[in-house]
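In: generate coordinates for the sequence data below:
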Amino acid sequence: MQHLVDNTWYAIHRSSALGRRPVTVERLGRRLVVWRTRDGVHAAPAQCPHRGADLGAGKVVDGCLTCPYHGIGYTADGSVATRPAMGANDDVPADANLRTLPTVDAHGYIWVWHGDLSPLDGPEWFDVEEPTATVGDDQVWDVHYSRFMESALDFHHVPFVHGAYTPGIGRELTDVELIDDGTRLSMTAKLTNASSGRSIAVAGEVVMPCALRVRIGSTEFVAVGTPVDDDRTWVAANYHPSYTKRIPGLRVVEAWLAMFVDFKLFQRQDRSIFEGLGSAPSPLERMALMPADTGSELWIRRWREMLGGDGSDGSDRSDRPGPAPAVSGLSAGAEVDQPVAVR
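Out: Here you go, the predicted structure:
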């Protein structure tokens, strides 16, 4: 598939959702089988090298992923352990083995390495204590993953898209600070109600290219937006309690409530908006951006640079009337060395 950042880790499944049986998932333009053994988690192309059966429909037997079609068993490194039809003296050719992918279980997700370079020790993550009470959910959205991820640092949509569930929340984005650390982008701000003077603190952080952390008030969640293919995105969120840290019995309850409100209500509204954008990647040069969009713009530019470009899409804007849209104080490819204040 197109527009994949190379040589990085991608989350492909929620760790808590993988039990004793293998699972087939569609991620990164491929069908992958994921399974768990005593040695850890593993992933590989879902088609059996023998005759193409779906290995996700098989079982794990004696530590081996076993094909449901002819019972061929594969070890954690993909080597053939047994081909029942061939007996004890089987001479297994190399092309019969399964090509496994570098895989790790970390931060509530199962990750695979995409790229030709040797994998890093593990995926970069947020500098937070791993919570003891976390619940999560996942869905596949009909939207390009760049459109989902560009919204990670967009808070001024909240009073409009989610106004039915956030009455009185401010519409003005104030006290914005944006920090660019290359592969990590962070933003803090307030949504201020000009009439009442009340404001609510919001914060977002992105680990490029596909992980995000959002806090609105006292509710926090982390999520990933992994491409399924060129048209769809796997959105998987984990919800962490915050204000009941000293009341252990309420932590899971709070996390479940946060998941229901955000993923079942808020994200359903976001999904409706996103899926109306179409499946094309973020069209930066065709957006009439404003200063409040600085975070989204920065994510798009960094993403394009990671794809091997200069931060622009190289599109011809000659068919767009009027001057080029003003873009939030960031020139193409500019670094943000200091926090950027936006009003």
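
In: so where is the stretch 51-200 of the chain shaky, pLDDT-wise?
Out: By pLDDT under 70, the weakly predicted segments of the stretch 51-200 of the chain are 129-134, 162-168.

In: the helices in the stretch 1-150 of the chain, which residues?
Out: In chain order, the stretch 1-150 of the chain shows helices spanning 145-149, with DSSP state H, counting those that start in this stretch as the criterion.

In: remind me which residues of the stretch 201-343 of the chain are low pLDDT?
Out: Ranges of the stretch 201-343 of the chain meeting pLDDT under 70: 239-266, 310-343.

In: now with 90, please.
Out: Using pLDDT under 90 as the threshold, the predicted model of the stretch 201-343 of the chain has low-confidence ranges 214-222, 237-280, 283-287, 309-343.

In: packing partners of whichever strand or helix holds E205?
Out: Secondary structure assignment for E205, by DSSP states H and E: strand 199-207. In terms of contacts (3 or more C-beta pairs under 8 Å, 6 or more residues apart in numbering; DSSP states H and E), strand 199-207 is packed against strand 184-192, strand 211-216. Every residue, glycine included, has its C-beta placed from N, CA and C.

In: what about P209, how many neighbours?
Out: Using other C-beta atoms under 10 Å, P209 has 23 neighbouring residues.

In: quick check: it is in a strand.
Out: No: if the criterion is DSSP: H, G, I helix; E, B strand; the rest coil, then P209 is coil and not within a strand.

In: quick check, central residue of this protein?
Out: A centroid search over the chain (C-alpha atoms, centre = their mean) returns V224, at 2.0 Å, as the residue closest to the centre.

In: nearest residue to that one in space, please, no chain neighbours.
Out: In space, and not counting its chain neighbours, V224 is closest to A11: 4.2 Å by C-beta to C-beta, 6 or more residues apart in numbering.

In: ok, now which residue in this structure is the farthest from the centroid?
Out: Going by C-alpha atoms, centre = their mean, the residue of the chain most distant from its centre is N89, 45.9 Å out.

In: phi first, then psi, for the closest residue to M208 other than its chain neighbours.
Out: Taking C-beta to C-beta, 6+ apart as the measure, M208 lies nearest to T183, with 4.5 Å between them; neighbours along the chain are not counted. Backbone torsions for T183, taken as degrees, to the nearest 10, come to phi -90, psi 0.

In: re earlier: got JSON lines for the helices and strands packed on strand 199-207, with distance to A85 and mean neighbour count too?
Out: Written out in JSON lines, the entries for the helices and strands packed on strand 199-207 read as follows (distance: least, C-beta to C-beta, whole Å; neighbours: other C-beta atoms under 10 Å):
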{"stretch": "strand 184-192", "distance to A85": "52", "mean neighbour count": "21"}
{"stretch": "strand 211-216", "distance to A85": "44", "mean neighbour count": "21"}
